[in-house]
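>>> Predicted coordinates and the sequence they were generated for:
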Number of protein chains: 2
Amino acid sequence: MTRRKTIYDIAELANASPSAVSAVLNGSWEKRRISRKTAERVKALAEAHGYSRNIQASVLRSARSKIIGMIIPKYDNRYFGAIAERFEATARNHGLFPVITCAQRDPELEAAAARELVSYQVETIIATGATDPDGITDICRAAGVRSLNLDLPGSAAPSIVSDNRGGARDLTLKLLDACHGTAPGQPLLFVGGRATDHNTAARIAGFRDGHADRGIEVPESNILACGYAGAKAYAALDAWTGDLPRGIFVNSTISLEGVIRWLGDRGALGADRTLFGCFDWDPFGALIPGNVGMARQDVNAMMDEVFRVLGSDQPEEKVTLIPCNITDAG
Amino acid sequence: MTRRKTIYDIAELANASPSAVSAVLNGSWEKRRISRKTAERVKALAEAHGYSRNIQASVLRSARSKIIGMIIPKYDNRYFGAIAERFEATARNHGLFPVITCAQRDPELEAAAARELVSYQVETIIATGATDPDGITDICRAAGVRSLNLDLPGSAAPSIVSDNRGGARDLTLKLLDACHGTAPGQPLLFVGGRATDHNTAARIAGFRDGHADRGIEVPESNILACGYAGAKAYAALDAWTGDLPRGIFVNSTISLEGVIRWLGDRGALGADRTLFGCFDWDPFGALIPGNVGMARQDVNAMMDEVFRVLGSDQPEEKVTLIPCNITDAG
DNA sequence: TAGCCTTGCTACATCGGTTGAGCAATTTTG
DNA sequence: CAAAATTGCTCAACCGATGTAGCAAGGCTA
């Protein structure tokens, strides 16, 4: 294996100086008054010899890395998958190099990931669904790195978050209306999440809003904020002492797995049995009988907003809400 | 914003030389005979002043980047999500810095991604599900970067691939046995994928193997390799002129979406109607009525094998098959 | 024909760590 | 007690690209 070609190698081949080669290959040659003839010669040689710029060296010198990092909890659902994919594409469109790292919802891993990204000279970190967004912001601030929260808000950096409350209200209304024929005036069951989580709290508020809109009282016991895991949702439903409700509002796709399993085990799965809606979208979740609709977060709009805020000169540390789309069943 | 702290700053604070600081902070201080006392003093100061190593500088000098890149097609299903997540975790366990980039199944983007990773001085590239694995290998080879194919084999680098044929055979047998009661001796329908794709071809072979095991003839017309998209599967089933089969072997979760939709539209969804199995696992796909099982690719085993091959001295350019797990319904 | 401008380059310091060579002070050995 | 070995550091070159300062050659002006 021969050594990698550098600008010095190309300079020698082209009978030019390394500075000239550098200027040609980074596009600043016209500004630096290198003749078109020389530029063409250098480019051709670089191409022919498979030259590839050493970005580490370039970044070291120029102090502009153009690397943008994202910390994400998991890749195990469509929402985060879509965020990762859209983030990459949008970052590239902005001439940046995206690096995504997965922190498993663990605040220690989040901090470690942030520090690691800082070491790699990222210019910006997007903390997505972070357990401790302000901790990440602190690390960034100490290193002079911009930061921004996505999906879950923090208090120390601009935050871009779905309108969980509004989306939950819309989904609640849709579900209440679907249940109206068979169970008029009956409140829905809310399943999944932790009531102390920002997003769950907002969705519970929206859930209540929707019921209020229809003049339906929601007993506290109808809110089963039992955690996210499918097994926890299953257990919470098992422990539920009331009648099997006609409609269930599920707080996340991960909880939905447990809900479906539970309904299936009781033979209650089907459009004529228990209806459900779910916050977050999944293509198969949408196809399960009894599904009335899903609150699909608008990832494209969120990401556009992220880059709009990054482009603005002095972003405020405020929370921007992005409306959700309510999908139809099937 | 103050400038970032460097080893020179810490050296001044600690009354030591930059070399000593460097040695302390990169762990080579014992080898370089720096006293424990000095080491401790330097570490404390670095910690106190929020020092963070500039990896670009470090890599530039030492020529070992410890960066490992992965090119992946999409993040839109559980399989690739699991691969991304497991890859990150395993790479970190090996002391490497993982960078994943998504190439949208586009050979041009794949090549661009490979070149970009090379510029970032990656030491290795894992080409996952690549449209043109050998193209990526060529780019890597020219730059002295190791490469390895995952999920789809190439001819120029070691490849680690699921045992698609064996998994398809096992799933076929499971599905045939489940259908045996109501439709004995009847062949299944195969839906989705492109017959020219390596993995689809292997799965069709396994599909035929399973039928042969049970002594069932498979007419060519039962193989609907119509493309992956849900809509294509839907259209292919619409164009199917035979009787509605009792069992369908679906080639991927993306095709499954169309199959479920089609069955639903015909009221054929349910354990007493058309049964199906699917290559690739999805938690909701598994919960859809009529699901008999899924061929779940063993991502952990694949990733272990990837790093085992990377650890071995001279990996051969051969294909390693990793068995799949057949999951139960629900 | 001297003085100035423009063109088209090159020289060199620099970014922040890393590392081989080397040196002074102390300790051990013969 | 001198020579050798060990300890605990420092010096300086280097990795590859960048960009400021500057220089030689030629053209243009006064």
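Structure's in. What do you need?

>>> So which residue is dead centre in chain A?
With distances taken as CA atoms, centre = their mean, residue A:83 lies nearest the centre of chain A, 4.1 Å away.

>>> Could you check the helix or strand containing that one and say which residues are buried?
Residue A:83 is located in helix A:78-93, with elements delineated by DSSP states H and E. Neighbour-count burial for helix A:78-93 flags A:78-92 (criterion: 16 or more other CB atoms under 10 Å in any protein chain shown). Backbone N, C-alpha and C define where each C-beta goes, glycine included.

>>> Using CSV, write out every CA atom in the next helix or strand after it.
Using DSSP H and E, the helix or strand that follows helix A:78-93 towards the C-terminus is strand A:97-102. Output of strand A:97-102 as CSV, limited to C-alpha atoms (Å, rounded to 0.1, in the frame of the first residue of the first chain):
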residue,chain,number,x,y,z
PHE,A,97,-20.8,16.9,7.2
PRO,A,98,-23.3,15.2,9.5
VAL,A,99,-22.3,12.9,12.3
ILE,A,100,-25.0,11.1,14.2
THR,A,101,-24.4,9.3,17.4
CYS,A,102,-26.8,7.2,19.4
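
>>> So what touches strand A:97-102?
A:65-75, A:84, A:87-88, A:91-92, A:113, A:116-117, A:120, A:122, B:84-85, B:88-89, B:98-101, B:116, B:120 (CB atoms under 8 Å, 6 or more residues apart in numbering or on different chains).

>>> For DNA strand C, what's its nearest residue on the stretch 201-330 of chain A.
As assessed by CB to the nearest atom of the strand, DNA strand C sits closest to residue A:310 within the stretch 201-330 of chain A, at 23.3 Å.

>>> So that residue belongs to a helix, correct?
Yes. The assignment for residue A:310 (DSSP: H, G, I helix; E, B strand; the rest coil) places it in a helix.

>>> Name the nearest residue to it, sequence neighbours excluded.
Closest residue to residue A:310 apart from its sequence neighbours, by CB to CB, 6 or more residues apart in numbering or on different chains: residue A:124 at 6.3 Å.

>>> who's that neighbour bridged to?
Note on residue A:124: beta-bridge partners by DSSP bridges are residue A:68, residue A:146.

>>> now it: how far from DNA strand D?
Going from residue A:124 to DNA strand D by CB to the nearest atom of the strand, to the nearest Å gives 19 Å.

>>> re earlier: which other helices and strands does the helix holding residue A:83 contact?
Judged by 3 or more CB pairs under 8 Å, 6 or more residues apart in numbering or on different chains; DSSP states H and E, helix A:78-93 is in contact with strand A:67-72, strand A:97-102, strand A:124-128, helix A:299-311, strand B:97-102.

>>> tell me the SS of the nearest residue to residue A:305 once chain neighbours are set aside?
Leaving aside its sequence neighbours, residue A:305 sits nearest to residue A:160 (CB to CB, 6+ apart; 5.0 Å). Classification of residue A:160 by three-state DSSP places it in strand.

>>> Isn't residue A:160 up against residue A:150?
Yes. The criterion here is CB atoms under 8 Å, and residue A:160 meets it with residue A:150 at 5.3 Å.

>>> and residue A:189, backbone torsions?
Backbone torsions for residue A:189, taken as degrees, to the nearest 10, come to phi -100, psi 140.

>>> Enumerate every residue touching it.
The contact partners of residue A:189, by CB under 8 Å, 6+ apart, come to A:222, A:224, A:240, A:245, A:247, A:248, A:249.

>>> How about the residues of the stretch 51-200 of chain A by chain B?
Residues of the stretch 51-200 of chain A lying close to chain B by CB under 8 Å from any CB of the partner chain are A:52-57, A:59-60, A:65, A:74-78, A:80-82, A:84-85, A:88-89, A:97-102, A:115-116, A:118-121, A:142-144.

>>> now the residues you listed: which count as buried?
Going by neighbour count (16+ other CB under 10 Å), those have A:52-57, A:59-60, A:65, A:74-78, A:80-82, A:84-85, A:88-89, A:97-102, A:115-116, A:118-121, A:142-143 buried.

>>> what's the distance between the helix holding residue A:83 and the middle of its chain?
For helix A:78-93, the distance from its own C-alpha centre to the chain's C-alpha centre is 8 Å (CA atoms, centre = their mean, to the nearest Å).

>>> got the angle between that helix and strand B:97-102?
Angle of helix A:78-93 versus strand B:97-102, following axes from the mean of the first three to the mean of the last three CA atoms, to 10 degrees, is 90 degrees.

>>> before we move on, back to that, from the contacts of residue A:189, which is closest to chain B?
residue A:248 (14.8 Å; CB to the nearest CB).

>>> May I have the beta-bridge partners of the closest one?
On the basis of DSSP bridges, residue A:248 is bridged to residue A:189, residue A:276.

>>> these two touch, right, the residue nearest to residue A:310 and residue A:307?
No. Look at residue A:124 against residue A:307 with CB under 8 Å: they stay out of range, at 10.0 Å.

>>> Return the distance of residue A:235 relative to residue A:253.
Distance, residue A:235 to residue A:253, by CB to CB, to the nearest Å: 18 Å.
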